[in-house]
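> no sequence for this one, just the structure:
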């Protein structure tokens with residue numbers, strides 16, 4: 001599973017009682033690398049799955065009609081930059097590090 005990107009998409013209406021207020025999109029458990037869009041506008045990114053993430057989406061909500069929420073959970077296997085020159089504590093050589101990719 002960690003070698004794939006995962007996408008979540010849903011549609012929702014803006015609640016009428018939110019008019020004139022701030023709309024916060026709150027996540028209590030995004031995966032390690034996440035990107036979030038509302039109505040095709042990027043509203044935030046997350047790079048730590050163990051903390052709460054909160055995004056102000058007020059400017060992007062439609063007052064009427066259908067809104068779209070999209071979340072991409074990126075594969076940590078391909079999202080972390082990998083430097084073949086790095087030698088952790090006398091560890092792997094460049095040739096063995098290349099085999100790990």
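Nice, thanks for sending it over. Being a predicted model, the structure only gives us computed values, none of them experimental. Numbers count the residues shown, from 1 in each chain.
> how about the helices in the chain?
76-79, 94-100 (DSSP state H).
> worst average pLDDT in the ones you listed?
With a mean of 46, helix 94-100 has the lowest mean pLDDT of the helices of the chain.
> got a list of what residue 58 touches?
21-23 (Cβ atoms under 8 Å, 6 or more residues apart in numbering). Glycine gets a C-beta too; all of them are placed from N, C-alpha and C.
> recalculate using a threshold of 7 Å.
22-23 (Cβ atoms under 7 Å, 6 or more residues apart in numbering).
> look up the residues forming beta bridges with residue 66.
residue 13 (DSSP bridges).
> ok, residue 74 touching residue 6?
No: if you go by Cβ atoms under 7 Å, residue 74 and residue 6 don't touch, sitting 8.5 Å apart.
> give me the more crowded residue out of those two.
residue 74 (18 against 12; other Cβ atoms under 10 Å).
> please name the nearest non-neighbouring residue to that one.
residue 33 (4.0 Å; Cβ to Cβ, 6 or more residues apart in numbering).
> confidence score at that neighbour?
So, for residue 33, pLDDT stands at 86.
> for it, grab the count of nearby residues.
19.
> repeat for the one 3 residues further on
Using other Cβ under 10 Å, residue 36 has 21 neighbouring residues.
> mind listing what it touches?
Residue 36 is in contact with 25, 43-44, 55, 71, counting by Cβ under 7 Å, 6+ apart.
> same thing but 10 Å
Shown in contact with residue 36 (Cβ atoms under 10 Å, 6 or more residues apart in numbering): 8, 25, 27, 30, 42-46, 53, 55, 57, 69-72.
> cool, residue 60 as well?
By Cβ under 10 Å, 6+ apart, the residues touching residue 60 are 23, 25, 37-43, 67-68.
> what is in contact with residue 74 and residue 6 at once?
31, 34.
> will you turn the contacts of residue 60 into JSON lines that also has distance to residue 16, neighbour count and pLDDT?
Below are the contacts of residue 60 laid out as JSON lines (distance: Cβ to Cβ, whole Å; neighbours: other Cβ atoms under 10 Å; pLDDT from 0 to 100):
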{"residue": "23", "distance to residue 16": "12", "neighbour count": "16", "pLDDT": "95"}
{"residue": "25", "distance to residue 16": "18", "neighbour count": "18", "pLDDT": "95"}
{"residue": "37", "distance to residue 16": "23", "neighbour count": "17", "pLDDT": "96"}
{"residue": "38", "distance to residue 16": "18", "neighbour count": "22", "pLDDT": "97"}
{"residue": "39", "distance to residue 16": "18", "neighbour count": "16", "pLDDT": "97"}
{"residue": "40", "distance to residue 16": "23", "neighbour count": "8", "pLDDT": "96"}
{"residue": "41", "distance to residue 16": "22", "neighbour count": "11", "pLDDT": "97"}
{"residue": "42", "distance to residue 16": "26", "neighbour count": "12", "pLDDT": "96"}
{"residue": "43", "distance to residue 16": "21", "neighbour count": "18", "pLDDT": "96"}
{"residue": "67", "distance to residue 16": "13", "neighbour count": "17", "pLDDT": "97"}
{"residue": "68", "distance to residue 16": "19", "neighbour count": "15", "pLDDT": "97"}
